[in-house]
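Enquirer: I would like the atomic coordinates for the input below:
(chains A and B)
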Amino acid sequence: GQNIDQPTEMTATEGAIVQINCTYQTSGFNGLFWYQQHAGEAPTFLSYNVLDGLEEKGRFSSFLSRSKGYSYLLLKELQMKDSASYLCAPHNDYKLSFGAGTTVTVRA
Amino acid sequence: EAGVTQSPTHLIKTRGQQATLRCSPISGHTSVYWYQQALGLGLQFLLWYDEGEERNRGNFPPRFSGRQFPNYSSELNVNALELEDSALYLCASRRQETQYFGPGTRLLVL
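Expert: Numbering: from 1, shown residues only, chains lettered A, B, ... in the order given. Predicted structure coming up:
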C-alpha cells in the first residue's frame, strides 16, 4: 500500500523561507514529484527527484533521501502568489500516488 | 504547445444518472491518467490508459470506466452516479516520467 504524510497547513510571511516535509512508504519507488495547486486549478509540475540530494530550481528546491523515505520542498523568498497547496507524489512504474497536500498561506 | 484540455468544465447530474468526461492529451503524449479530487482530499488515482489499452486502475468500483481513442484522447464514464461522486476530475498526460494536468471537470451530483 501507499502511505504519504505531509503537514496539512503552514503559514509564513512574505520574503521568508518555508520547508514542506514529506515522508512516504510505497510499494516500489522510482522517484518523487512535487506539484503546486492553486485553489480551483490543476496541479502544475514543480520538481522531480530520482537521486538522493538537493535539486535547486530558482526559488524552489527539492530534496530526497531514498533510504529514509523522506523528501522536502523548500520555498525561498516567499511571494503572495506562492499561497497554494503543495502535493508530494512518489512515483512507481509511471504511476503517481499523492499525499493530501500542504496548504501554504503567505501573509504580508 | 497546447496543454491538456478537458470538457466540460462543469457538469451537474442527479443521482443514478451517467456522466461522461472528456480529455485531450498534449500532442505526442500517448498516456492518459484520470484522478478524482474530492473536496479537501488528495488526488485519488482512477485509471491509466496507454496506447489505447487500460494499464491500471485505482481502488474504485466498476461503475467508473473509460476508454482511450486512436488519437489518444480519452473518456471517463461514471454510471449510477452517487452523491459522493461529486468532485473535481483531473486528467493528465505523460511525457517520460512527468504528468501534466488539465484544468479538470467539476462534477456535482444532486
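
Enquirer: Can you name the residues of chain B sitting close to chain A?
Expert: B:4, B:31, B:33, B:35, B:41-45, B:48, B:55-56, B:90, B:94, B:97-104 (Cβ under 8 Å from any Cβ of the partner chain). C-beta here means a position set from N, CA and C on the backbone, and glycine is covered the same way.

Enquirer: What about these, which are in helices?
Expert: The members of the residues of chain B next to chain A all map outside helices under DSSP state H.

Enquirer: Could you tell me which of the residues you listed count as buried?
Expert: Buried members of these, scored by 16 or more other Cβ atoms under 10 Å in any protein chain shown, are B:4, B:31, B:33, B:35, B:42-45, B:48, B:55, B:90, B:94, B:99-104.

Enquirer: which residues does the residue most central in space within chain B contact?
Expert: For chain B, the residue nearest the mean C-alpha position is B:Trp34 (3.6 Å; Cα atoms, centre = their mean). Residues near B:Trp34 by Cβ atoms under 8 Å, 6 or more residues apart in numbering or on different chains: B:23, B:45-48, B:66, B:74, B:76, B:89-91.

Enquirer: Distance to B:Lys13 and pLDDT added to those, as CSV?
Expert: As requested, those are arranged in CSV below (distance: Cβ to Cβ, whole Å; pLDDT from 0 to 100):
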residue, distance to B:Lys13, pLDDT
B:Cys23, 18, 98
B:Phe45, 22, 93
B:Leu46, 17, 95
B:Leu47, 19, 96
B:Trp48, 24, 95
B:Gly66, 17, 96
B:Ser74, 19, 98
B:Leu76, 13, 98
B:Tyr89, 12, 97
B:Leu90, 18, 96
B:Cys91, 18, 97
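
Enquirer: Of these, which is the most crowded?
Expert: Highest neighbour count within those: B:Cys91, with 31 neighbours (other Cβ atoms under 10 Å in any protein chain shown).

Enquirer: Please verify my assumption that that one contacts B:Gly3.
Expert: No. Look at B:Cys91 against B:Gly3 with Cβ atoms under 8 Å: they stay out of range, at 10.7 Å.

Enquirer: Please enumerate the shared neighbours of those two.
Expert: Taking Cβ under 8 Å, 6+ apart as the contact rule, B:Cys91 and B:Gly3 both touch B:Gly102.

Enquirer: where in chain B is pLDDT low?
Expert: Applying pLDDT under 70 to chain B flags residues B:1.

Enquirer: Okay, strands next: where are they in it?
Expert: For chain B, applying DSSP state E gives strands covering B:5-7, B:10-13, B:19-24, B:31-37, B:44-50, B:53-57, B:64-68, B:74-78, B:87-95, B:98-101, B:105-109.
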